[in-house]
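J.: sequence first, then the predicted structure, then my questions.
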Amino acid sequence: GAVVSQHPSRVICKSGTSVKIECRSLDFQATTMFWYRQFPKQSLMLMATSNEGSKATYEQGVEKDKFLINHASLTLSTLTVTSAHPEDSSFYICSAAGGRNNEQFFGPGTRLTVL
Amino acid sequence: RKEVEQDPGPFNVPEGATVAFNCTYSNSASQSFFWYRQDCRKEPKLLMSVYSSGNEDGRFTAQLNRASQYISLLIRDSKLSDSATYLCVVWLYNQGGKLIFGQGTELSVKP
């Protein structure tokens, strides 16, 4: 299947700092990328849908000014968690939609810990 | 009410057992259905799509009942390597096309 990478895989930061997470589709062009968040023992929750060259669509309850999404190319989307706080500690996973069936391929996730 | 609801876990079964997971969804506009597998601290991976006619992939059988908005996954002859969390997932076309995940059911297969 298609390959989606995320970087970094793990990040620990102090409260108040900003963290950028990159999501790349390595062998296909993704017009749409999705960002999810997963807290322990809970399901993946869609945060936003990102389309190349346009503004992201955020799910209800997700602050767009706190979670900045940029999708500047067909192979790269970035999520920046601004002024991170301990409650933002979570597993962030991206997916990229592509291929004939527009299947979603998931990245390996980024584990964020805010101290 | 959650859009996708699954059996609460965990399921602890011996090797070789048959185990069944159930899932219900609330949005009748759901168009596609999947079972994903998620190992601890990893990303979810597609296990199989689910069709109204039912479909089988080796030891795994998935069923969909659109009338009752119910999805199932049956695992026969379970292996130690089947231990994971199984996620029931629906795809909604009328909300811009997005996947909605159930909370997952944890399976632990013991020797």
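T.: Everything's here; your move. Numbering: from 1, shown residues only, chains lettered A, B, ... in the order given.
J.: any idea which element the most centrally placed residue in chain A lies in?
T.: Central residue of chain A (C-alpha atoms, centre = their mean): A:Trp35, 3.7 Å from the mean position. Using DSSP states H and E, A:Trp35 falls within strand A:32-38.
J.: tell me what that strand is packed against?
T.: Contacts defined by 3 or more C-beta pairs under 8 Å, 6 or more residues apart in numbering or on different chains; DSSP states H and E place strand A:32-38 against strand A:19-25, strand A:45-51, strand A:67-73, strand A:76-81, strand A:90-98. C-betas here are computed from N, CA, C, even on glycine.
J.: residues of chain A that sit close to chain B?
T.: A:32, A:34, A:42-46, A:49, A:57, A:91, A:93, A:95, A:102-104, A:106-109, A:111 (C-beta under 8 Å from any C-beta of the partner chain).
J.: re the thing from before, return the most buried member of the helices and strands packed on strand A:32-38.
T.: Highest mean neighbour count of these: strand A:90-98, a mean of 24 (counted as mean count of other C-beta atoms under 10 Å in any protein chain shown).
J.: could you check the angle strand A:19-25 makes with it?
T.: 30 degrees (axes from the mean of the first three to the mean of the last three C-alpha atoms, to 10 degrees).
J.: doesn't A:Lys55 lie inside a strand?
T.: No. Counting by DSSP: H, G, I helix; E, B strand; the rest coil, A:Lys55 is located in no strand; its state is coil.
J.: now the residue nearest to the centre of chain A: closest residue in space that isn't a chain neighbour?
T.: Spatial nearest neighbour of A:Trp35, chain neighbours left out: A:Met47 (4.6 Å); criterion: C-beta to C-beta, 6 or more residues apart in numbering or on different chains.
J.: where does that neighbour land on pLDDT?
T.: The model reports A:Met47 with a pLDDT of 96.
J.: coming back round to it: how about the residue nearest to the centre of chain A, what does it touch?
T.: By C-beta atoms under 8 Å, 6 or more residues apart in numbering or on different chains, the contact list for A:Trp35 reads A:23, A:46-48, A:50, A:67, A:69, A:77, A:79, A:92-94.
J.: stretch A:26-35: how far from the chain's middle?
T.: 11 Å (C-alpha atoms, centre = their mean, to the nearest Å).
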